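Engineer: Build me a model:
(one chain, ligands or ions: 1)
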Amino acid sequence: MIAADRVDCPVKWCDEAGAHTIHRHYLESIPADSGRWMLGVNVVRPHSSTTGVELTTVPRHGRSTVVRLGTREAELLHEAIREAVERIHRRAGRDDL
Ligand SMILES: [Zn+2]
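Structural biologist: Numbering: from 1, shown residues only. Modelled structure (predicted):
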């Protein structure tokens, strides 16, 4: 059900309602660091720019930050996180962990 006063965005994947200048699709919200942070990953498209990835860090207390990444930057971040996790798994069971 769509509320009667909601203005649907013409961009089909956009989750934002009402007037907005940035199209956004909310993908993931990940609690981190024992719940001290919420990490958000969104697809965004500012009206004057290309579609990219938005990374949000929302602390339990304090100010949240938003970093927008191009697709190449997002791939580099993805590779770096994958590499870090793989290194941890490779070392699992060894004495140096
Ligand atoms: Zn939109």
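
Engineer: The residue nearest the centre of the chain: what's it in contact with?
Structural biologist: Against the mean C-alpha coordinate of the chain, by C-alpha atoms, centre = their mean, the closest residue is residue 41 at 1.2 Å. For residue 41, the contacting residues are 27, 28, 29, 30, 53, 54, 55, 56, by C-beta atoms under 8 Å, 6 or more residues apart in numbering. Any C-beta I mention is one placed from the backbone N, CA and C, and that applies to glycine too.

Engineer: Quick check on the last one: phi, psi?
Structural biologist: Translated: residue 56. Taking degrees, to the nearest 10, you get phi -120, psi 140 for the backbone angles of residue 56.

Engineer: Next, work out how far apart it and residue 90 are.
Structural biologist: 30 Å (C-beta to C-beta, to the nearest Å).

Engineer: on that earlier part again, note down every partner strand of the host helix or strand of the residue nearest to the centre of the chain and its orientation.
Structural biologist: Under the criterion of DSSP states H and E, residue 41 resides in strand 37-46. In the sheet, strand 37-46 lines up against strand 22-32 (antiparallel), strand 52-59 (antiparallel) (DSSP bridges).

Engineer: tell me which residues in it are buried?
Structural biologist: Buried residues in strand 37-46, counted by 16 or more other C-beta atoms under 10 Å: 37, 38, 40, 41, 42, 43, 44, 45.

Engineer: and what of stretch 63-80?
Structural biologist: With burial defined by 16+ other C-beta under 10 Å, the residues of stretch 63-80 counted as buried are 68, 69, 74.

Engineer: Pipe those residues into CSV and attach pLDDT, distance to residue 22 and secondary structure per row.
Structural biologist: Listed next are the buried residues of stretch 63-80 as CSV, based on pLDDT from 0 to 100; distance: C-beta to C-beta, whole Å; DSSP: H, G, I helix; E, B strand; the rest coil:
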residue, pLDDT, distance to residue 22, secondary structure
68, 96, 9, strand
69, 97, 14, strand
74, 97, 16, helix
